[in-house]
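**Q** coords please:
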Amino acid sequence: MTLELFLPDNRSLKGKRQILNHLKDQVRNRFNVSVAEVGENDLWQRCRLGVVIVSNERAFADQVLSKVVSFVAEDRRAVLLDYQLEIK
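**A** Predicted coordinates for the structure are as follows:
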């Protein structure tokens, strides 16, 4: 899954890194998924995160990724602009 985020109150790449590191750690710890910044690296108010889960049950993977989307959407530091889900 990819998440497109906007960081409206951020003013620097250092601030972006702090916000994203904290958010990625929270998502990893809470949902046991892999998370990485996969795009928009040089923009300080935009980012694209990739979130991956491995499971032998599609329903479980869908459920976890749906919870990740809800969790990120509730974070006040970031605005969830869009997300795309891909199951393989």
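**Q** what pLDDT does the closest residue to Val79 other than its chain neighbours get?
**A** Of all residues not flanking Val79 in the chain, Phe6 sits nearest, at 4.4 Å (CB to CB, 6 or more residues apart in numbering). C-beta here means a position set from N, CA and C on the backbone, and glycine is covered the same way. The model reports Phe6 with a pLDDT of 96.
**Q** give the contact list for Phe6.
**A** By CB atoms under 8 Å, 6 or more residues apart in numbering, Phe6 lies in contact with 45-46, 78-79, 81.
**Q** Just want to check the distance between it and Ser34.
**A** Distance, Phe6 to Ser34, by CB to CB, to the nearest Å: 23 Å.
**Q** Which strands and helices lie in contact with the longest helix that the chain contains?
**A** Taking DSSP state H as the criterion, the chain has its longest helix at helix 13-31. Helix 13-31 makes packing contacts with strand 34-39, strand 46-52, helix 58-74 when contacts are defined by 3 or more CB pairs under 8 Å, 6 or more residues apart in numbering; DSSP states H and E.
**Q** ok, now with 6 Å
**A** strand 34-39, helix 58-74 (3 or more CB pairs under 6 Å, 6 or more residues apart in numbering; DSSP states H and E).
**Q** Low-confidence ranges, this protein, go.
**A** Applying pLDDT under 70 to the chain flags no residue at all.
**Q** tell me the centre residue of it?
**A** Nearest to the mean C-alpha position of the chain, by CA atoms, centre = their mean, lies Leu49 at 4.5 Å.
**Q** That one contacts Met1, correct?
**A** No: using CB atoms under 6 Å, Leu49 makes no contact with Met1, being 8.6 Å away.
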